[in-house]
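Chemist: Mind folding the following:
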Amino acid sequence: MIMNHRKCSIPLLFILLLACGPPPEEAPANDDEVCEYRPDPEETRVDGDGEICTLYDHRGPFEVGVVDLEIDDLELAVFYPAVDASCTQERFVYDLRQWLPEEDRDLISDDDAPLFEVDAAVDAEAVQGTFPLVLFSHGMAGYRFQSSTLLSHLASWGFVVASAEHPERNMTHVLESFAPDGDNAPEVMRQIVDFFADAVDDEASPFFELVDLTQIAATGHSMGGNGAVSMVGEPGVEAAIFYASQPEVSGQELADHGVELMWQAGTFDGIIQVSSIESAYENSHDPKTYLGIGEAGHLAFSDICAVGADRGGILQIAADSGMDIPSFLINLARDGCRDSDLHYEDAWPIIHHYSVAHLRAAFAIDDEPVGLDEATIECYAEATDLDLRQY
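Modeler: Residues are numbered from 1 along each chain as shown. Okay, here's the model as predicted:
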């Protein structure tokens, strides 16, 4: 992995962060330097009731650390609330060449390397406290860091987020074999829970007493939704979010668990049709929420459109290097990155807000749900149209 640093400034950003939303009781004082590239929270948006918007789309009160682990045959990225992870510390940077077939990695020079910086500090010390666990499963031809912007954002609001590599269907495998070789996500998600069950009792572990295994959320993007839905009904699982994914959750036994469900869909998604996601929502048990994001594509829920964007994106970098990319992967890699799609910088705040709001409501962190009513649609009216449904 390649690491680098960012310059810092010292505004009173932490105070501003709390001004736009109810401060969590567990938030620590933090006067450390903060990264100047983080946007200030929006304070002037008005919702459909004429009230100032209370949103979770700005960075939360915690700095974020990240560790990249190998546990037997499992590669696992973990994002977590950190004591001091200001931008004076190493930011985590991943190089997308890591997920190319080995024979193709040298085709892209270091000068053209598709790097992506994550707003999280490498191996930062975790805060003292206990936090809900969020499991994430990447999509077909994805990788464990594919949605690091979202996962780091969740951690900044007080969640421990674990994202596993699925080598049977990740980018490397699909570029080599042109198809997934099954899906081990259900087994892997249970393996992650078992890992944390041991880690929270191990004083030598960086996750000692950090995770509350009675509060678990299962999430996944696209094909990763299959792993997420497999966890509904498992002990401790109280929430699920399916990003651009169409699993159905039905049956009285599952309904009795009362898991808070959410589907997020992009209306311009050409990989998983929005009508299929709407159908999955309609056919699933309550309580449930559906969010349709106008003009968003399939990759709006990932970092991928932002990787190498200054050089035309990952497809252009691959083409310039002489790589042969299968046509179906070209379509996948463009969906959400096209000029006609909602730009990822406009999509991310929406995805971030409703994800955090859903999780905080499911785990009763907020006394009453915050930012999940229809009035919040107007908070994002300048960016796009939203379709918010709840039962």
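Chemist: use CA for all of it now, contacts and neighbours both
Modeler: Noted.
Chemist: contacting residues for Val274?
Modeler: For Val274, the contacting residues are 265-268, 292, by C-alpha atoms under 8 Å, 6 or more residues apart in numbering.
Chemist: give me that answer again for 6 Å
Modeler: Thr267 (C-alpha atoms under 6 Å, 6 or more residues apart in numbering).
Chemist: ditto for the one 10 residues further on
Modeler: With contacts taken as C-alpha under 6 Å, 6+ apart, Ser284 has the following neighbours: 248-250.
Chemist: In ChimeraX, how would I select the buried members of those residues?
Modeler: Filtering the contacts of Ser284 down to the buried ones (16 or more other C-alpha atoms under 10 Å) takes a single ChimeraX command:
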select :248,249
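Chemist: Closest one to Glu203 out of the contacts of Ser284, please.
Modeler: Val249 (37.6 Å; C-alpha to C-alpha).
Chemist: before we move on, which element is the residue lying closest to that closest one once chain neighbours are set aside in?
Modeler: Spatial nearest neighbour of Val249, excluding adjacent residues (C-alpha to C-alpha, 6 or more residues apart in numbering): Ser284 at 4.7 Å. Using DSSP states H and E, Ser284 is not contained in any helix or strand.
Chemist: After whichever strand in the chain runs longest, which helix or strand is next?
Modeler: Across the chain, the longest stretch assigned as strand under DSSP state E is strand 211-221. Next along the chain after strand 211-221, taking DSSP H and E as the criterion, comes helix 225-230.
Chemist: If you count contacts, what does that next one end up packed against?
Modeler: On a contact count with 3 or more C-alpha pairs under 6 Å, 6 or more residues apart in numbering; DSSP states H and E, helix 225-230 meets helix 185-199, strand 211-221.
Chemist: what about the stretch 101-250 of the chain, any weak spots by pLDDT?
Modeler: When residues are selected by pLDDT under 70, none of them lie in the stretch 101-250 of the chain.
Chemist: one step back: now for the helices and strands packed on helix 225-230, which one comes closest to Ala357?
Modeler: The closest of those to Ala357 is strand 211-221. By C-alpha to C-alpha, the value is 12.9 Å.
Chemist: Next, give phi and psi for Leu261.
Modeler: In terms of degrees, to the nearest 10, the main-chain angles of Leu261 are phi -110, psi 150.
Chemist: And the nearest residue to it once chain neighbours are set aside, how close does it get to Ala361?
Modeler: Using C-alpha to C-alpha, 6+ apart and skipping the chain neighbours, the partner closest in space to Leu261 is Lys288 (4.5 Å). Look at Lys288 and Ala361: by C-alpha to C-alpha, to the nearest Å, they are 12 Å apart.
Chemist: For stretch 176-188, measure first residue to last.
Modeler: Stretch 176-188 stretches 22 Å from its first residue to its last (C-alpha to C-alpha).
Chemist: can you give me the offset of it from its chain's centre?
Modeler: 20 Å (C-alpha atoms, centre = their mean, to the nearest Å).
Chemist: Ok, stretch 73-80 next?
Modeler: That offset, for stretch 73-80, works out to 14 Å (C-alpha atoms, centre = their mean).
Chemist: Name the residues of it that are buried.
Modeler: 76-80.
Chemist: Just put these in a markdown table and tack on distance to Gly233, pLDDT and secondary structure.
Modeler: Shown next, in a markdown table, are the buried residues of stretch 73-80 (distance: C-alpha to C-alpha, whole Å; pLDDT from 0 to 100; DSSP: H, G, I helix; E, B strand; the rest coil):
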| residue | distance to Gly233 | pLDDT | secondary structure |
| --- | --- | --- | --- |
| Leu76 | 23 | 98 | strand |
| Ala77 | 24 | 98 | strand |
| Val78 | 23 | 98 | strand |
| Phe79 | 24 | 98 | strand |
| Tyr80 | 25 | 97 | strand |
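Chemist: which among these gets closest to Leu315?
Modeler: Among those, and counting by C-alpha to C-alpha, the member closest to Leu315 is Ala77, at 25.0 Å.
Chemist: ok, longest helix in the protein?
Modeler: Longest helix in the chain by number of residues, with DSSP state H as the criterion: helix 344-362.
Chemist: In that one, which residues are buried?
Modeler: 344, 347-362.
Chemist: can you confirm Asp176 is in a helix?
Modeler: Actually, residue 176 is Glu. It isn't Asp. Yes. Assignment of Glu176 by DSSP: H, G, I helix; E, B strand; the rest coil places it within a helix.
Chemist: Excluding sequence neighbours, find me the nearest residue to it.
Modeler: Distances taken as C-alpha to C-alpha, 6+ apart place Pro101 nearest to Glu176, at 6.4 Å, with adjacent residues excluded.
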